[in-house]
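[1] curious how this folds, go ahead:
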Amino acid sequence: MIHHIYLLFLAILQGVTELFPISSLGHIILVPALLHWPINRDAGWFLPFVVVLHLATATALLLFFWRDWAALLGGFIRARGRLDNPDSRLLWILFIASIPAGLLGLALAHKIKDLFGGFTFAAVALMINGVMLILGDRLRARQPSHSLDNLSWPRAIGIGFAQSLALIPGFSRSGATLVAGIGVGLDYENSAKFSFLLATPIIAAAGILEVPKLFHAQMPSGLLGTIFLAGLLSGICAWASVWFLMHYFHKHEIKALRPFGIYCIAFGALALIIGGY
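    Take a look at the predicted model:
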(Lines give C-alpha, C1' and ligand atoms only; values in the text may rest on other atoms or scores of the structure.)
Protein backbone atom coordinates (compact mmCIF):
# COMPACT_ATOMS: atom_id res chain seq x y z
CA MET A 1 0.00 0.00 0.00
CA ILE A 2 1.30 3.45 -0.92
CA HIS A 3 0.67 6.19 1.63
CA HIS A 4 0.20 9.18 -0.65
CA ILE A 5 0.49 11.74 2.16
CA TYR A 6 4.12 10.75 2.73
CA LEU A 7 4.92 11.43 -0.92
CA LEU A 8 3.55 14.95 -0.49
CA PHE A 9 5.68 15.42 2.64
CA LEU A 10 8.70 14.19 0.68
CA ALA A 11 7.93 16.64 -2.14
CA ILE A 12 7.87 19.55 0.30
CA LEU A 13 11.12 18.33 1.87
CA GLN A 14 12.80 18.10 -1.53
CA GLY A 15 11.51 21.47 -2.68
CA VAL A 16 13.01 23.22 0.33
CA THR A 17 16.27 21.31 0.75
CA GLU A 18 17.21 21.28 -2.96
CA LEU A 19 18.06 24.99 -2.88
CA PHE A 20 18.96 25.58 0.75
CA PRO A 21 22.62 24.62 1.33
CA ILE A 22 21.66 21.58 3.44
CA SER A 23 21.61 18.68 0.90
CA SER A 24 18.28 17.49 -0.49
CA LEU A 25 19.64 14.00 -1.16
CA GLY A 26 20.94 13.71 2.38
CA HIS A 27 17.57 14.73 3.82
CA ILE A 28 15.66 12.39 1.51
CA ILE A 29 17.77 9.53 2.88
CA LEU A 30 17.74 10.56 6.54
CA VAL A 31 14.27 11.99 7.23
CA PRO A 32 12.12 9.10 5.92
CA ALA A 33 14.38 6.60 7.73
CA LEU A 34 14.23 8.50 11.03
CA LEU A 35 10.46 9.03 10.86
CA HIS A 36 9.79 5.54 9.45
CA TRP A 37 7.92 6.78 6.40
CA PRO A 38 6.63 3.79 4.39
CA ILE A 39 8.28 4.79 1.11
CA ASN A 40 9.98 2.19 -1.08
CA ARG A 41 12.72 3.96 -3.06
CA ASP A 42 13.23 0.81 -5.15
CA ALA A 43 9.64 0.75 -6.42
CA GLY A 44 9.11 1.25 -10.15
CA TRP A 45 7.11 4.45 -9.61
CA PHE A 46 9.72 6.17 -7.40
CA LEU A 47 12.02 7.30 -10.21
CA PRO A 48 9.20 9.00 -12.14
CA PHE A 49 8.23 10.65 -8.85
CA VAL A 50 11.76 12.06 -8.46
CA VAL A 51 11.76 13.15 -12.13
CA VAL A 52 8.66 15.28 -11.55
CA LEU A 53 10.22 16.87 -8.45
CA HIS A 54 13.38 17.76 -10.39
CA LEU A 55 11.39 19.29 -13.23
CA ALA A 56 9.33 21.27 -10.72
CA THR A 57 12.46 22.67 -9.07
CA ALA A 58 13.98 23.61 -12.43
CA THR A 59 10.72 25.31 -13.43
CA ALA A 60 10.69 27.29 -10.18
CA LEU A 61 14.27 28.48 -10.82
CA LEU A 62 13.44 29.45 -14.40
CA LEU A 63 10.38 31.41 -13.28
CA PHE A 64 12.26 33.22 -10.54
CA PHE A 65 15.23 34.15 -12.75
CA TRP A 66 13.33 34.54 -16.02
CA ARG A 67 14.47 38.14 -16.47
CA ASP A 68 18.09 37.09 -16.04
CA TRP A 69 17.76 34.22 -18.51
CA ALA A 70 15.96 36.50 -20.99
CA ALA A 71 18.78 39.07 -20.70
CA LEU A 72 21.44 36.37 -21.12
CA LEU A 73 19.79 34.85 -24.18
CA GLY A 74 19.03 38.28 -25.64
CA GLY A 75 22.64 39.37 -25.20
CA PHE A 76 23.87 36.13 -26.73
CA ILE A 77 21.65 36.57 -29.80
CA ARG A 78 22.50 40.23 -30.27
CA ALA A 79 26.23 39.55 -29.94
CA ARG A 80 25.96 36.38 -32.06
CA GLY A 81 27.75 34.53 -29.31
CA ARG A 82 30.73 36.87 -29.08
CA LEU A 83 32.41 37.30 -25.71
CA ASP A 84 32.56 41.11 -25.82
CA ASN A 85 28.93 41.25 -24.66
CA PRO A 86 28.65 40.72 -20.84
CA ASP A 87 25.41 38.72 -21.09
CA SER A 88 26.73 36.56 -23.90
CA ARG A 89 29.95 35.98 -21.96
CA LEU A 90 28.10 34.99 -18.77
CA LEU A 91 25.89 32.57 -20.69
CA TRP A 92 29.00 30.91 -22.13
CA ILE A 93 30.53 30.77 -18.65
CA LEU A 94 27.40 29.09 -17.25
CA PHE A 95 27.45 26.58 -20.11
CA ILE A 96 31.12 25.70 -19.66
CA ALA A 97 30.83 25.58 -15.86
CA SER A 98 27.90 23.13 -16.17
CA ILE A 99 29.98 20.58 -18.07
CA PRO A 100 31.98 19.04 -15.18
CA ALA A 101 28.94 18.17 -13.05
CA GLY A 102 26.98 17.09 -16.13
CA LEU A 103 29.65 14.64 -17.31
CA LEU A 104 30.37 13.30 -13.84
CA GLY A 105 26.66 12.93 -13.20
CA LEU A 106 26.14 10.88 -16.36
CA ALA A 107 29.15 8.70 -15.68
CA LEU A 108 29.08 8.22 -11.93
CA ALA A 109 25.77 9.27 -10.35
CA HIS A 110 24.29 5.79 -9.91
CA LYS A 111 27.60 4.25 -8.82
CA ILE A 112 28.14 6.99 -6.23
CA LYS A 113 24.64 6.58 -4.81
CA ASP A 114 25.11 2.80 -4.62
CA LEU A 115 28.42 3.19 -2.79
CA PHE A 116 27.59 6.13 -0.52
CA GLY A 117 23.80 6.14 -0.30
CA GLY A 118 23.61 4.61 3.18
CA PHE A 119 22.15 6.27 6.25
CA THR A 120 25.41 6.56 8.21
CA PHE A 121 27.40 7.98 5.30
CA ALA A 122 24.69 10.55 4.52
CA ALA A 123 24.63 11.72 8.15
CA VAL A 124 28.42 12.04 8.37
CA ALA A 125 28.61 13.78 4.97
CA LEU A 126 25.91 16.22 6.09
CA MET A 127 28.06 17.11 9.10
CA ILE A 128 31.08 17.63 6.83
CA ASN A 129 28.88 19.81 4.62
CA GLY A 130 28.14 21.92 7.71
CA VAL A 131 31.85 22.34 8.43
CA MET A 132 32.38 23.37 4.80
CA LEU A 133 29.72 26.09 5.14
CA ILE A 134 31.27 27.48 8.31
CA LEU A 135 34.71 27.54 6.68
CA GLY A 136 33.10 29.31 3.71
CA ASP A 137 32.15 32.15 6.03
CA ARG A 138 35.83 32.53 6.92
CA LEU A 139 36.63 32.95 3.22
CA ARG A 140 33.99 35.66 3.01
CA ALA A 141 35.98 37.73 5.52
CA ARG A 142 38.14 38.80 2.58
CA GLN A 143 36.98 41.77 0.51
CA PRO A 144 35.19 40.53 -2.66
CA SER A 145 37.18 41.30 -5.77
CA HIS A 146 34.97 39.92 -8.52
CA SER A 147 31.49 40.42 -9.88
CA LEU A 148 29.67 38.10 -12.27
CA ASP A 149 30.66 40.41 -15.14
CA ASN A 150 34.37 39.86 -14.60
CA LEU A 151 34.32 36.32 -13.23
CA SER A 152 37.21 34.51 -14.94
CA TRP A 153 36.83 31.24 -16.81
CA PRO A 154 39.07 29.20 -14.45
CA ARG A 155 37.19 30.47 -11.40
CA ALA A 156 33.81 29.68 -12.99
CA ILE A 157 34.96 26.19 -13.96
CA GLY A 158 36.17 25.69 -10.40
CA ILE A 159 32.67 26.52 -9.15
CA GLY A 160 31.33 24.08 -11.73
CA PHE A 161 33.52 21.30 -10.35
CA ALA A 162 32.35 22.14 -6.84
CA GLN A 163 28.78 21.50 -8.00
CA SER A 164 29.77 17.86 -8.54
CA LEU A 165 29.88 17.36 -4.77
CA ALA A 166 26.07 17.21 -4.86
CA LEU A 167 26.38 13.73 -6.37
CA ILE A 168 27.44 12.53 -2.92
CA PRO A 169 24.51 12.18 -0.47
CA GLY A 170 24.90 14.67 2.36
CA PHE A 171 26.73 17.32 0.35
CA SER A 172 24.72 20.27 -0.92
CA ARG A 173 24.90 21.53 -4.51
CA SER A 174 24.12 25.10 -3.51
CA GLY A 175 26.36 24.85 -0.45
CA ALA A 176 29.36 23.70 -2.46
CA THR A 177 28.89 26.31 -5.19
CA LEU A 178 28.22 29.09 -2.67
CA VAL A 179 31.46 28.32 -0.83
CA ALA A 180 33.37 28.01 -4.12
CA GLY A 181 31.95 31.33 -5.30
CA ILE A 182 32.94 33.02 -2.06
CA GLY A 183 36.37 31.41 -2.36
CA VAL A 184 36.99 33.04 -5.74
CA GLY A 185 35.95 36.48 -4.47
CA LEU A 186 32.20 36.80 -5.01
CA ASP A 187 29.97 38.19 -2.27
CA TYR A 188 27.09 36.14 -0.85
CA GLU A 189 24.44 37.54 -3.18
CA ASN A 190 26.41 37.14 -6.41
CA SER A 191 27.62 33.72 -5.34
CA ALA A 192 24.03 32.64 -4.64
CA LYS A 193 22.79 34.01 -7.95
CA PHE A 194 25.52 32.23 -9.91
CA SER A 195 24.85 29.06 -7.92
CA PHE A 196 21.14 29.05 -8.78
CA LEU A 197 21.69 29.95 -12.44
CA LEU A 198 24.29 27.20 -12.68
CA ALA A 199 21.98 24.66 -11.02
CA THR A 200 19.05 25.29 -13.37
CA PRO A 201 20.30 23.43 -16.47
CA ILE A 202 21.74 20.57 -14.41
CA ILE A 203 18.54 19.98 -12.43
CA ALA A 204 16.43 20.33 -15.59
CA ALA A 205 18.65 17.92 -17.52
CA ALA A 206 18.50 15.37 -14.69
CA GLY A 207 14.72 15.42 -15.00
CA ILE A 208 14.43 15.59 -18.79
CA LEU A 209 16.76 12.62 -19.33
CA GLU A 210 14.44 10.46 -17.26
CA VAL A 211 11.14 11.74 -18.72
CA PRO A 212 10.64 8.68 -21.00
CA LYS A 213 10.61 6.49 -17.89
CA LEU A 214 7.79 8.63 -16.50
CA PHE A 215 5.49 7.51 -19.33
CA HIS A 216 6.58 3.87 -19.34
CA ALA A 217 6.47 3.21 -15.60
CA GLN A 218 3.80 0.97 -14.13
CA MET A 219 1.71 3.27 -11.97
CA PRO A 220 -0.56 1.99 -9.20
CA SER A 221 -4.11 3.29 -9.41
CA GLY A 222 -4.47 6.91 -8.37
CA LEU A 223 -0.75 7.52 -7.99
CA LEU A 224 -0.21 9.66 -11.09
CA GLY A 225 -2.38 12.47 -9.74
CA THR A 226 -0.50 12.38 -6.43
CA ILE A 227 2.83 12.59 -8.25
CA PHE A 228 1.80 15.68 -10.20
CA LEU A 229 0.38 17.29 -7.03
CA ALA A 230 3.72 16.52 -5.36
CA GLY A 231 5.48 18.25 -8.24
CA LEU A 232 3.32 21.34 -7.78
CA LEU A 233 4.05 21.44 -4.04
CA SER A 234 7.76 20.93 -4.63
CA GLY A 235 7.85 23.72 -7.22
CA ILE A 236 6.06 26.16 -4.90
CA CYS A 237 8.43 25.33 -2.06
CA ALA A 238 11.45 25.69 -4.35
CA TRP A 239 10.29 29.12 -5.56
CA ALA A 240 9.67 30.25 -1.98
CA SER A 241 13.10 28.93 -0.98
CA VAL A 242 15.01 30.80 -3.67
CA TRP A 243 13.00 33.96 -2.92
CA PHE A 244 13.95 33.71 0.75
CA LEU A 245 17.59 32.89 0.08
CA MET A 246 18.18 35.71 -2.40
CA HIS A 247 16.69 38.21 0.06
CA TYR A 248 18.64 36.65 2.91
CA PHE A 249 22.00 36.83 1.11
CA HIS A 250 21.24 40.38 -0.03
CA LYS A 251 20.83 41.51 3.58
CA HIS A 252 23.57 39.47 5.25
CA GLU A 253 27.20 40.23 4.58
CA ILE A 254 28.79 38.46 7.57
CA LYS A 255 28.55 34.78 8.58
CA ALA A 256 25.49 34.18 6.41
CA LEU A 257 26.29 30.48 5.96
CA ARG A 258 26.93 29.76 9.63
CA PRO A 259 23.29 29.02 10.63
CA PHE A 260 23.02 26.45 7.84
CA GLY A 261 26.38 24.95 8.80
CA ILE A 262 25.39 24.60 12.45
CA TYR A 263 22.07 23.03 11.41
CA CYS A 264 23.81 20.45 9.19
CA ILE A 265 26.25 19.45 11.94
CA ALA A 266 23.48 19.23 14.55
CA PHE A 267 21.03 17.31 12.36
CA GLY A 268 23.70 14.90 11.12
CA ALA A 269 24.81 14.19 14.70
CA LEU A 270 21.20 13.81 15.86
CA ALA A 271 20.51 11.38 13.01
CA LEU A 272 23.47 9.24 14.08
CA ILE A 273 22.33 9.25 17.70
CA ILE A 274 18.67 8.47 16.99
CA GLY A 275 19.59 5.97 14.31
CA GLY A 276 21.73 4.10 16.82
CA TYR A 277 25.02 4.46 14.91
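[2] which residue packs closest to residue 33, ignoring adjacent ones?
    Using Cβ to Cβ, 6 or more residues apart in numbering and skipping the chain neighbours, the partner closest in space to residue 33 is residue 119 (5.4 Å). The C-beta positions use only the backbone N, C-alpha and C, and glycine is treated the same way.
[3] next, the one you found: phi, psi?
    When read as degrees, to the nearest 10, the backbone of residue 119 gives phi -60, psi -50.
[4] thought it was touching residue 29?
    Yes. Using Cβ atoms under 8 Å, residue 119 is in contact with residue 29, at 6.3 Å.
[5] of those two, who's got more company?
    With neighbours defined as other Cβ atoms under 10 Å, residue 119 and residue 29 compare such that residue 29 has more, 25 against 17.
[6] residues contacting that one?
    Taking Cβ atoms under 8 Å, 6 or more residues apart in numbering, we find residue 29 in contact with 117-119, 122, 169-170.
[7] try residue 179
    Taking Cβ under 8 Å, 6+ apart as the test, what residue 179 contacts is 132-133, 135-136, 139, 162, 257.
[8] and if you look at residue 149?
    Per Cβ under 8 Å, 6+ apart, neighbours of residue 149: 86, 89-90.
[9] distance of it from residue 161?
    Taking Cβ to Cβ, to the nearest Å as the measure, residue 149 and residue 161 are separated by 22 Å.
[10] could you do residue 243 as well?
    28 Å.
[11] higher neighbour count, the two?
    Comparing residue 243 with residue 161 by other Cβ under 10 Å, the one with more neighbours is residue 161, at 16 against 13.
[12] element containing the more buried one?
    Under the criterion of DSSP states H and E, residue 161 resides in helix 153-163.
[13] just the helices from the protein, written as ranges.
    Per DSSP state H, the chain carries helices over the ranges 4-17, 24-35, 46-64, 66-78, 86-116, 119-140, 153-163, 173-183, 188-208, 211-216, 223-251, 258-274.
[14] closest to residue 14 among the contacts of residue 149?
    Each of the contacts of residue 149 was checked against residue 14 using Cβ to Cβ; the closest is residue 90, at 28.4 Å.
[15] please name the residues that touch the closest one.
    Counted by Cβ under 8 Å, 6+ apart, residue 90 has contacts 72, 75, 148-149, 151.
[16] nearest residue to residue 146 in space, ignoring adjacent ones along the chain?
    residue 185 (4.1 Å).
[17] quick check, the one you found in contact with residue 148.
    No. Look at residue 185 against residue 148 with Cβ under 8 Å: they stay out of range, at 11.2 Å.
[18] buried subset of the contacts of residue 179?
    When the contacts of residue 179 are checked for burial by 16 or more other Cβ atoms under 10 Å, the buried set is 132-133, 136, 162, 257.
[19] I'd like the contacts of residue 29 as CSV, with distance to residue 12 appended.
    CSV is the format used below for the contacts of residue 29 (distance: Cβ to Cβ, whole Å):
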residue, distance to residue 12
117, 22
118, 24
119, 21
122, 19
169, 19
170, 20
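[20] just among the residues you listed, which is most surrounded?
    Counting neighbours by other Cβ under 10 Å, residue 170 leads the contacts of residue 29 with 27 neighbours.
[21] once you drop chain neighbours, what's closest to residue 173?
    residue 166 (3.4 Å).
[22] fine by me, thanks again.
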